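J.: Sequence and predicted structure are below.
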Amino acid sequence: MAHGWRMTLRQYQRWFATGLVALFAAIPNPAAAAACQSLADAVPPPAIASLSRGFNLSGWLDGPESIPPDIAVLRTLRKAGMTHIRLPVWAERVMLRFSSQREVNDELRSLDQALTMLLSLGYHVSVDLHPGERFSRLHHDDPAASMDALRDGWSHLADIINRHRAGSGVR
């Protein structure tokens, strides 16, 4: 049943994406443009411009089941003017406190492949370390240990992000 439902959802992805692009293309956002102008001294103008038209790509690397997006939908969105993707990554999957070295390596390999694909399509990508329940509980119970785990997770992510940074759109 779940597989059939997932297939039904995938059949409607393109229609939804096309409608979403049409909706956002028709709505001007002067407040966002003004906010971006105040960042002009700190961030290069092309990076600011790329951040102004984007979306969140959840469900790929930030949940218990990894569901890669339909590349045709991503191409359609890019051609329609979307330039930025916020890519959440499940924090516990890249922290040795919660995952084995093999599991961390597998997740980092998946992130590397995701960044390669998204950048090849011309997107700028913001990687978001997204905490789950176990990290949140640790942060509540032992803030110092959670900071150690956070450093661990970001150090792993930094290795992958830095491979893609030179001349790319990874933030």
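T.: In hand now; what should we look at? Numbering: from 1, shown residues only.
J.: where do the helices sit along this protein?
T.: Under the criterion DSSP state H, the chain contains helices at 2-26, 30-38, 45-51, 71-79, 101-120, 133-141, 143-165.
J.: Which of those helices comes out lowest on mean pLDDT?
T.: Ranked by mean pLDDT, those end with helix 2-26 at the bottom, a mean of 42.
J.: wait, residue 87 sits on residue 124?
T.: No. Using C-beta atoms under 8 Å, residue 87 makes no contact with residue 124, being 10.7 Å away. Heads up, the C-betas are built off the backbone N, CA and C, glycines and all.
J.: For residue 76, grab the count of nearby residues.
T.: Using other C-beta atoms under 10 Å, residue 76 has 16 neighbouring residues.
J.: can you tell me how far it sits from residue 125?
T.: Separation of residue 76 from residue 125 (C-beta to C-beta, to the nearest Å): 18 Å.
J.: try residue 55
T.: 11 Å.
J.: Residue 148 too?
T.: 27 Å.
J.: who has more neighbours, these two?
T.: A count of neighbours by other C-beta under 10 Å puts residue 125 above the other of residue 148 and residue 125, at 24 against 15.
J.: hey, what's the more buried one bridged with?
T.: residue 85, residue 170 (DSSP bridges).
J.: residue contacts, the residue positioned nearest the centre of the chain?
T.: By C-alpha atoms, centre = their mean, the mean C-alpha position of the chain lies nearest to residue 87, the distance being 0.4 Å. By C-beta atoms under 8 Å, 6 or more residues apart in numbering, the residues touching residue 87 are 57, 60, 61, 111, 114, 115, 118, 125, 126, 127, 128.
J.: rerun at 7 Å
T.: Each residue near residue 87 by C-beta atoms under 7 Å, 6 or more residues apart in numbering is listed here: 57, 61, 114, 125, 126, 127, 128.
J.: what about the fifth one, distance to residue 50?
T.: Summarising the geometry, the distance separating residue 126 from residue 50, computed by C-beta to C-beta, is 10 Å.
J.: can the contacts of residue 87 go into TSV with extra columns for distance to residue 105?
T.: As requested, these are exported to TSV (distance: C-beta to C-beta, whole Å):
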residue	distance to residue 105
57	22
61	14
114	15
125	21
126	23
127	17
128	20
